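Peer 1: I'll drop the sequence and a predicted model, then ask my questions.
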Amino acid sequence: VLTSACRAIIAAEAELTEMDRIVGDGDIGHSLASGATALLQLAPGWTARPLDAVLRESGLALRKSIGGTSGPLYAAFAIAAAQSVADGGTDSATLARAFSAGADAIKRLGGADAGDRTMLDALLPAAAAMAAGTTAEQLTAAAVAARSGAERTATMHPRRGRSSYIGDRALGHPDPGAVAIALWLDASAMSVS
């Protein structure tokens, strides 16, 4: 799942960069691809490792490899997810708990919420969609919810995040951070279906 998500982000580097040139500072594609590359380099060592250890190591690697604000936010997501599953488990309830904990950590750290036109507009609906089902069903529902949330950002007035400094000029264009969430969730869902 994780390697599929990373490969999708690397493949979308140019698309995300172009989107971010329109509504932000133009660095999200490169930044997220750097993080994904760092995770792919670590992935061979994760075989048979506990989920919390993999998530914790992912968070530390993302913090070091993703530039700008996205690095600490993705790191907070992964580390909070790791803490939420430290007691073990790899079932669908564990996945839902971890994803929700990660989204909540981003809310606390970044100070944004739903409707602020940030990555949370994809993450929060995705977390809510993971409430039930098998892991494959959860990831599919989360991917659909994230894609819908990312598309809705095109009509939101930016209050936080990368587009907040350009104001209404961002209208009509989706938030690149939210689109990135949808992309890696799509890839994750496809990898287990």
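Peer 2: That came in fine, so what should we check first? Numbers count the residues shown, from 1 in each chain.
Peer 1: and residue 112, what does it touch?
Peer 2: 106, 118, 120, 159, 160, 161 (Cβ atoms under 8 Å, 6 or more residues apart in numbering). For glycine as for every other residue, the C-beta is placed from the backbone atoms N, C-alpha and C.
Peer 1: do the same with residue 172
Peer 2: Neighbouring residues of residue 172 by Cβ under 8 Å, 6+ apart: residue 154.
Peer 1: still on that earlier bit, quick one: which of the contacts of residue 112 sit in strands?
Peer 2: Applying DSSP state E to these, no entry is found in strands.
Peer 1: most surrounded residue in the residues you listed?
Peer 2: Within the contacts of residue 112, neighbour counts (other Cβ atoms under 10 Å) peak at residue 118, which reaches 31 neighbours.
Peer 1: so what pLDDT did the nearest residue to residue 92 once chain neighbours are set aside get?
Peer 2: Nearest residue to residue 92, sequence neighbours excluded (Cβ to Cβ, 6 or more residues apart in numbering): residue 135, at 4.9 Å. The confidence metric pLDDT takes the value 91 at residue 135.
Peer 1: wait, what's in contact with residue 135?
Peer 2: Residue 135 is in contact with 91, 92, 95, 192, counting by Cβ under 8 Å, 6+ apart.
Peer 1: what about 7 Å?
Peer 2: If you count contacts by Cβ atoms under 7 Å, 6 or more residues apart in numbering, residue 135 has them with 92, 95, 192.
Peer 1: surely the first one meets residue 139?
Peer 2: No. In terms of Cβ atoms under 7 Å, residue 92 does not count as a neighbour of residue 139; the distance is 9.4 Å.
Peer 1: how far is stretch 125-143 from where the chain is centred?
Peer 2: Relative to the chain's own centre, stretch 125-143 is displaced by 14 Å; criterion: Cα atoms, centre = their mean, to the nearest Å.
Peer 1: shaky segments in the protein?
Peer 2: In the predicted model of the chain, residues 89-90, 161-165, 167 satisfy pLDDT under 70.
Peer 1: what segments of it are helices?
Peer 2: 2-11, 13-23, 28-42, 51-65, 70-84, 92-110, 120-129, 135-152, 176-192 (DSSP state H).
Peer 1: so which of those is the most packed in?
Peer 2: Highest mean neighbour count among the helices of the chain (mean count of other Cβ atoms under 10 Å): helix 120-129, with a mean of 26.
Peer 1: which strands and helices sit next to it?
Peer 2: helix 92-110, helix 135-152, helix 176-192 (3 or more Cβ pairs under 7 Å, 6 or more residues apart in numbering; DSSP states H and E).
Peer 1: could you measure residue 63 against residue 75, distance?
Peer 2: For residue 63, the distance to residue 75 (Cβ to Cβ, to the nearest Å) stands at 4 Å.
Peer 1: which among the contacts of residue 112 gets closest to residue 43?
Peer 2: residue 106 (22.9 Å; Cβ to Cβ).
Peer 1: about what we covered before: can you name the two of the contacts of residue 112 that are farthest apart?
Peer 2: Taking Cβ to Cβ as the measure, those span a maximum distance of 15.3 Å, between 106 and 159.
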